[in-house]
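Engineer: Prediction below, plus the sequence it came from.
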Amino acid sequence: MAAAETVLNVRDLKVRFRTLDGAVEAVKGININVNAGETVAVVGESGSGKSQTMMAAMGLLASNGEATGTVDYRGSNLLTMRKSDLNKVRGRKISMIFQEPMTSLDPLYTIGNQLVEPIRRHRGLSAAAAREEALKLLRLVHIPDPERRLKSYPHEMSGGQRQRVMIAMALANDPDILIADEPTTALDVTIQAQILVLLAELQKKLGMAIVFITHDLGIVRRFADRVYVMRSGEVVEEGEATALFANPQHPYTKMLLAAEPTGHKAPPAPDAPVLLEGRKVEVTFRIGGGFLAGDPVILRAVDDISIRLKRNQTIGIVGESGSGKSTLGRALLRLLPSDGQIRFGDNDISSADKQAMRPLRRELQLVFQDPFGSLSPRMTVGQIITEGLLVHEPALSSKERDRRAVEALKEVGLDPDTRNRYPHEFSGGQRQRIAIARAMILKPKVVVLDEPTSALDRSVQKQIVELLRKLQADHDLSYLFISHDLAVVRAMADYIIVMKQGKIVEEGPTDAIFDHPREKYTQTLMAAAIDSTRFRASA
Amino acid sequence: MLIYVFRRLLTAIPTLFVIVTLAFFLIRVAPGGPFNQERGLSPEIKANLEAQFGLNDPLWKQYLNYLNNLLHGSFGPSYNLPDFTVGELFWKGLPISIQLGASALILALILGSILGVTAALNQNKGGDYAVIAVATAGSTIPTFVIAPLIQLVFGLSWKLLPIGGWGDGALLNKIGPVLTLALPQIAIVARLMRGSMIESLRSHHIRTARALGLSDWSVVVKHALRGALLPIVSYAGPAAAALLTGSIVVETIFSIPGVGRYFVDAALNRDYTLVMGTVVVIAIFTIIFNLIVDVLYAVVDPRVRYD
């Protein structure tokens, strides 16, 4: 491996973006080299410049970006190459797959059309020969029924299959280097594992070098030969993967390795009262139908689910996307119409209308996944978090409201002096704290947390998990914690419900579910996630 | 797809019925009638006329009569242009309006798209600013300014075009009105196209196409442009319905015998049957073009399916 030829040599690469606030330096003079056939990981959190490095190399920077330095591919500098020459390298010698499998394929053309196009362009094959080649590629990435799939459109395939097609397109011309930019981040855990295995298998078969851009140390540990750790546009540490994991030098690397949420939630007292209870809850959606349009399709998003949330308990609801876990959370808060019985404390709220729910709302709060979309950009943080008080405690004076805002911000670990700023001035983690403060200021009893950490970097996730646990202990809160991230759920919940296609597959105390999953589905879910989880705990 | 089109045509029937009913009673709410003229007719003549056209019958009877005639394909006689039936007026005027409107629309779609794509590819550079300037001017200068300007410059000063008139459809006579109709549409299409093309060029699958080393032509035309067409298609439908049914301003200024003038003239004169005829024709055009838009949508975007 050490003697292998260098295929990509990045020297003193700087990437700058012109913005309205002046130039922003995203990459500050980094050096990376990639040898033939090896796997190199570029690791860092969001904003570290890891993606922009490779975008610059591929000539894919946004129009306000410019790159200086050299990106040397077998003796020629990709940055200064004529575009027509660059187009002979990218897609042929160096190819790239992206984070967004759902949107990275052209929705308007069939898979076959899109696969054939780069093959014909780079190899000048006839249409029939290129089609044969495309079929071979689809088989290579294990797409079932490839003949039929050639005629499919991207929207007819799942995210995992689309990512397989992306990989097939990238490998169509037998490249020297495959750049994979967070190729599994947007996928469910079980699919993630499949895609990673596929990439490893293809590398063995085809021998290309892989550059993995990722924030996920699990992937790095499993697949990478060498690692570059990036932070704010600089490489802070580099080295052989095994050495780096065993003995990290830079404090940032150490912090990343320790960023796994840890800890454990003890179950509530056995005699703790049940706060929120759902019996045989069902949510159905009708799709289509109407005048002259035939019968609607009925989709049962939540199917006969019973749940009992005690005081000071955290129930983790896990499942892959589309399993109905968010819908269940919303139905229990009566934000969606549902069948079955729902009780909150002593009230039967199964059929409570908006008016009847309003006084109860302050005790039933919700925190959303997306800290960017769920805060109104036109209100100050102070206004955002005190808005609920206007509804539920209209008698409060504005001075008193302000005092409560200060208190709430302090409680979630934000500087109260920032309450007159607007959400865009805050980072993702800070915004999630604001969203939590908005819920906490009303002194709720039950909080539904819908993927509250999924949009955040690992190190920030850990802080939010710790904050949520502290708030729970301080105020005797009950959480419904919805997440697909098993590591976070393990640290948060004392009881777990595993959902699939609207039904409960398995439920039980956290340790029992993690250590002895009974159902096959739970076992696959664990197996897919456990690799990365276990080593991180030991690292 | 055929079933879908058939279903949509079926649902058009109740829609048309509601439109006809509303229009019929609304125009009757307006004070006055077709034979209240400034000079005034002698009461006997007026009574005679009203009896002849059944205007003395109770309103519900007139309504049922009108519906009955309509179902038999007759719009009835025009009250103010007594030598013609409403059907005849449309039969003569509509082809003229359609010719002008269609030419203007096609011109606008082609030129506007080219301008819009050019602007998008040169975003925030000279070419882009030039297109934006033209588009802003085109959509802010009203047709009643553009039309006389064209007449003045091309007709009076340079004597290249006739000043007005239909001239039995001579090509030169059409240029002025078509240009006048097309200019604001070119501006709108160019702006729409620029916006949707910029968005399309930023999308992830365009990044994929570039990463695969595809040619600029393929990236821009095959992948970006097709996706950017959807907003243009949805604009073109209602625009076509409006353009093809004539424009009062253009037809008046250029003395074109189209149908655009009827809508306003008829409403002012309480020419009930002509108003109703215009409403029905515009409604049918609107329904048909909306249907065409929806069908085109499915042609451009495979994700749109109607079964």
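Structural biologist: Here it is on my side, so go on. Note that the structure is predicted; figures quoted are calculated from it, not measured. Numbers count the residues shown, from 1 in each chain, chains lettered A, B, ... in the order given.
Engineer: can you pull the contacts of the closest residue to chain B within chain A?
Structural biologist: Relative to chain B, the nearest point of chain A is A:G91 (3.2 Å; Cβ to the nearest Cβ). All C-beta spots, glycine's among them, are computed from the backbone N, C-alpha and C. Each residue near A:G91 by Cβ atoms under 8 Å, 6 or more residues apart in numbering or on different chains is listed here: A:P118, A:R121, A:H122, A:A170, A:A172, A:N173, A:P175, B:A211, B:L212, B:G213, B:L214.
Engineer: okay, stretch B:10-22 in CSV with CA atoms only?
Structural biologist: C-alpha atoms of stretch B:10-22 as CSV (Å, rounded to 0.1, in the frame of the first residue of the first chain):
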residue,chain,number,x,y,z
LEU,B,10,-67.1,15.5,-18.3
THR,B,11,-66.4,17.7,-15.3
ALA,B,12,-66.3,20.7,-17.6
ILE,B,13,-70.1,20.4,-18.2
PRO,B,14,-71.2,21.3,-14.7
THR,B,15,-68.5,24.0,-14.6
LEU,B,16,-69.8,25.6,-17.8
PHE,B,17,-73.3,25.3,-16.5
VAL,B,18,-72.5,27.2,-13.3
ILE,B,19,-70.6,29.9,-15.4
VAL,B,20,-73.5,30.3,-17.8
THR,B,21,-76.0,30.6,-14.9
LEU,B,22,-74.0,33.1,-13.0
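Engineer: Off-centre distance for it?
Structural biologist: Stretch B:10-22 has its C-alpha centroid displaced from the chain centroid by 20 Å (Cα atoms, centre = their mean, to the nearest Å).
Engineer: all helices of the stretch 51-200 of chain B, in order?
Structural biologist: Counting by DSSP state H, counting those that start in this stretch, the stretch 51-200 of chain B has these helices, from start to end: B:59-71, B:86-121, B:126-140, B:143-150, B:171-202.
Engineer: A:I210: which of the ones you listed is closest?
Structural biologist: Closest to A:I210 of the helices of the stretch 51-200 of chain B is helix B:171-202 (Cβ to Cβ; 27.1 Å).
Engineer: which helices and strands does that closest one pack with?
Structural biologist: Under the contact criterion of 3 or more Cβ pairs under 8 Å, 6 or more residues apart in numbering or on different chains; DSSP states H and E, helix B:171-202 touches helix B:86-121, helix B:126-140, helix B:143-150, helix B:226-244, helix B:248-253.
Engineer: after the shortest one, next one along is what?
Structural biologist: This points to helix B:248-253. helix B:260-268 (DSSP states H and E).
Engineer: so that following helix versus helix B:86-121, what angle?
Structural biologist: Angle of helix B:260-268 versus helix B:86-121, following axes from the mean of the first three to the mean of the last three Cα atoms, to 10 degrees, is 120 degrees.
Engineer: Against which helices or strands is helix B:260-268 packed?
Structural biologist: By 3+ Cβ pairs under 8 Å, 6+ apart, helix B:260-268 packs against helix B:86-121, helix B:248-253, helix B:272-300.
Engineer: would you turn those helices into CSV with distance to B:I141 and mean pLDDT?
Structural biologist: Compiled in CSV, these are given as follows (distance: least, Cβ to Cβ, whole Å; pLDDT from 0 to 100):
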stretch, distance to B:I141, mean pLDDT
helix B:86-121, 15, 94
helix B:248-253, 13, 90
helix B:272-300, 25, 91
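Engineer: could I get the ones you listed as a markdown table with distance to B:P238?
Structural biologist: Listed next are the helices and strands packed on helix B:260-268 as a markdown table, based on distance: least, Cβ to Cβ, whole Å:
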| stretch | distance to B:P238 |
| --- | --- |
| helix B:86-121 | 11 |
| helix B:248-253 | 18 |
| helix B:272-300 | 7 |
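Engineer: Which one of those lies nearest to chain A?
Structural biologist: helix B:272-300 (7.0 Å).
Engineer: The closest one vs helix B:86-121, what angle?
Structural biologist: Using the same axes, to 10 degrees: helix B:272-300 against helix B:86-121 is 40 degrees.
Engineer: And helix B:272-300, what does it pack against?
Structural biologist: helix B:2-29, helix B:59-71, helix B:86-121, helix B:226-244, helix B:260-268.
Engineer: can you put the helices and strands packed on helix B:171-202 in CSV and add mean neighbour count and distance to A:G413?
Structural biologist: Converted to CSV, these look like this (neighbours: other Cβ atoms under 10 Å in any protein chain shown; distance: least, Cβ to Cβ, whole Å):
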stretch, mean neighbour count, distance to A:G413
helix B:86-121, 20, 45
helix B:126-140, 15, 46
helix B:143-150, 17, 62
helix B:226-244, 20, 44
helix B:248-253, 20, 65
